[in-house]
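my questions are about this predicted structure, shown below with the sequence.
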Amino acid sequence: MTGAPPPGLRLNGTLRFGAQVLFRDLSMTVRPGEWTCLLGDSGVGKSTVLRLLAGLETGAALEGEAGATDGAPLEGRIAWMAQSDLLAPWLDLHENLAMGARLRGEPPDRDRAAELLERVGLGPHAHKTPHMLSGGMRQRAALARALIEDRPVALLDEPFAALDLRTRAAMQELAFAELAGRTVLHVTHDPHEAARLGHRILVLTRDGLVEPALPAGLPIRDAAGPEVLEAQARLTRLLLGETRA
Amino acid sequence: MSRPPDPARSDPAGPDTSRLRDRVRDRALVAAILVGAWAAVAWGTGAPAFILPSPLRVAEAFVANAALIGDHALVTLAEVLAGLALGAGLGAATAVWLSLSAPARRLVMPALVFSQAVPIFALAPVLTLWLGYGIWPKILVTVLIIYFPVASAFLDGLRRADPALIELARVMGGGRWRILLRIRAPLALPDLASGLRLAAVYAPIGAVIGEWVGASKGLGYLMLLANGRAKTDLMFAALVALALGAVALHAVLGSLATRLERWSRTGRWR
Ligand SMILES: Nc1ncnc2c1ncn2[C@@H]1O[C@H](COP(=O)(O)OP(=O)(O)OP(=O)(O)O)[C@@H](O)[C@H]1O
Ligand SMILES: [Mg+2]
């Protein structure tokens, strides 16, 4: 990442799919340089929020604004990891990691690609194409590809959802270290993950944003520590609708 | 658990070869049935040889005129290959151009569709009038016939290419040309492949149409000539040569198409 501090993110307004209102008068900010976790029921609009921030077509009309808090466009400052892996099926993993550089006409950083593939545990598979890999392996390759982009803002849509518990913990640690100092908006369904990673936790509901209390201590927190597990329990009750924030 | 390999199932030549062997056997069987039916009709009706020669007579004519048929077949082959290369290249280039420009699509697509409504038979004499009796009008008819299937199949593929992957490419900072080259085109190869499959079927028809309208060489010319002199057996022999060539062309392009499809899905050619 180069010199300039990362921007914060802001999304204000009402979002409609035709006559249906997805959210009304939402006001969401993501502070610069922080890891923010976004929880919420399936279909509540989390992926749509990421797409609006990334400037992608959503099929919805936003009455309001979505963008960076520093006023400059977000274009070229975002690494986006979508909910599906979006690996190019004809390229091996090494070339999939080179995809961004090649699309920009830059020379790909082969050493960095090899290092990241190694660190997500795919070193021995660098020359396999995606169809030879499991879903979790493909997700890790997609994570490595988001990390190699080296952008000040990362929008991650359920980046660890397909992983087993141990690999997930390791990938959380890797991503947290690699993205330190950047602005991260991380959509997840896993309260444990949010409790572990978030400088901030937001819950998107039909009635707007809820911001539950954080666990003690700074992320990244101990995966099996009492603070994380207590917060996980609290968030779980909140998501089950058994308590209010 | 280890078992000795089952000799009935394990094929040392590998599954690809054994599948190929099965296909060849199936096709030989079909050919044998057709030839048998032909022979039965020729014998049964007792038709004179200048109306319907028996397979045996045609085979004799084929052997006796092998050099002649070979010479004319080479000309037709050259027309077909040149037409294929030009038509597929122009078709693919048109698809690329139209995929980049919505106004071009709006203006050009209706014209292309309209051009398909013009029967090529009606056009061929004019082409001969303009381009003479040489190889060019035949190549041009072939190009005209295969241009549209290739262009429209590839264009469909380029435009349909997985929108999410295209979005990711944009977020990564890719421009239109690089996205086209590195993402859209590889994703659209299976569609280009189905266009090429069609082209393989149509290309020989195009060349022969061109030859019928006016030529002094080629299998189409030879067929007309033989027909005019009541050498029906030679006419059939030329027809058989044309059919064999068309089948071979279809097999070659079909296998190329299969490889393109496989590469697009898996990154492997085989
Ligand atoms: N093009 C569209 N037209 C109409 N409605 C849409 C369209 N795209 C998405 N939606 C609706 O928008 C809502 C939010 O979708 P979104 O993908 O953002 O949900 P999500 O919170 O990410 O869900 P999940 O956790 O299942 O990924 C859904 O209810 C969906 O039905
Ligand atoms: Mg989603």
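Everything's here; your move. Ligands and ions are numbered 1, 2, ... in the order given.

how far away is the closest residue to chain A within the stretch 101-250 of chain B from ligand 1?
The stretch 101-250 of chain B approaches chain A most closely through B:Gly174 (3.2 Å), counting by Cβ to the nearest Cβ. All C-beta spots, glycine's among them, are computed from the backbone N, C-alpha and C. According to Cβ to the nearest ligand atom, to the nearest Å, B:Gly174 stands 24 Å off from ligand 1.

where does chain A get nearest to chain B, which residue?
For chain A, the residue closest to chain B is A:Leu103, as judged by Cβ to the nearest Cβ, at 3.2 Å.

what's the helix or strand containing that residue in contact with?
Here A:Leu103, judged by DSSP states H and E, is contained in helix A:93-104. Helix A:93-104 has contacts (Cβ atoms under 8 Å, 6 or more residues apart in numbering or on different chains) with A:87-88, A:91, A:107-110, A:113-114, A:116-117, A:122, A:125-130, A:133, A:141, A:144-145, A:148-149, B:169, B:172-175, B:178-179, B:182-183.

so which of those are in helices?
Under the assignment DSSP state H, these contribute A:110, A:113-114, A:116-117, A:141, A:144-145, A:148, B:169, B:178-179 to helices.

could you pick out the buried ones from these?
Burial by neighbour count, 16 or more other Cβ atoms under 10 Å in any protein chain shown: within these this picks out A:113, A:116-117, A:141, A:144-145, A:148, B:169, B:178-179.

which residue packs closest to the most centrally placed residue in chain B, ignoring adjacent ones?
Closest residue to the average C-alpha location of chain B: B:Ala200 at 0.8 Å, with Cα atoms, centre = their mean. Nearest non-adjacent residue to B:Ala200, counting by Cβ to Cβ, 6 or more residues apart in numbering or on different chains: B:Leu253, 3.9 Å away.

output the contacting helices and strands for the helix or strand that contains B:Leu34.
Assigned by DSSP H and E, B:Leu34 belongs to helix B:14-45. Other helices and strands packing on helix B:14-45, by 3 or more Cβ pairs under 8 Å, 6 or more residues apart in numbering or on different chains; DSSP states H and E, are helix B:55-64.

hmm, 10 Å instead?
helix B:55-64, helix B:232-266 (3 or more Cβ pairs under 10 Å, 6 or more residues apart in numbering or on different chains; DSSP states H and E).

now the strands for chain A?
Assigned by DSSP state E, the strands in chain A fall at A:9-17, A:20-30, A:35-40, A:61-68, A:78-81, A:153-157, A:183-187, A:200-205, A:208-210.

quick one: contacts of the last one?
In this structure, residues lying in contact with strand A:208-210 by Cβ atoms under 10 Å, 6 or more residues apart in numbering or on different chains are A:11, A:23-29, A:38-40, A:201-204, A:238, A:244-245.

what does chain A put close to ligand 1?
Applying Cβ under 6 Å from any ligand atom, we find that chain A lies next to ligand 1 at A:17, A:22, A:40, A:42-48, A:59, A:83.

mind giving me the PyMOL select for the residues you listed, buried ones only?
The buried residues among the residues of chain A next to ligand 1 can be selected in PyMOL (16+ other Cβ under 10 Å) with this line:
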select buried, chain A and resi 22+40+44+45+46+47+48+83
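
now narrow the residues of chain A next to ligand 1 to whatever sits close to chain B.
A:Gln83 (Cβ under 10 Å from any Cβ of the partner chain).

from the residues of chain A next to ligand 1, which is closest to B:Tyr147?
A:Gly59 (35.8 Å; Cβ to Cβ).

quickly note the distance from the residue in chain A that ligand 2 sits nearest to to A:Met81.
Proximity of chain A to ligand 2 (Cβ to the ion) peaks at A:Ser47, 3.0 Å away. Going from A:Ser47 to A:Met81 by Cβ to Cβ, to the nearest Å gives 11 Å.

find residues that contact each of the two.
A:155, A:157-158, A:187.

many thanks, we can stop here.
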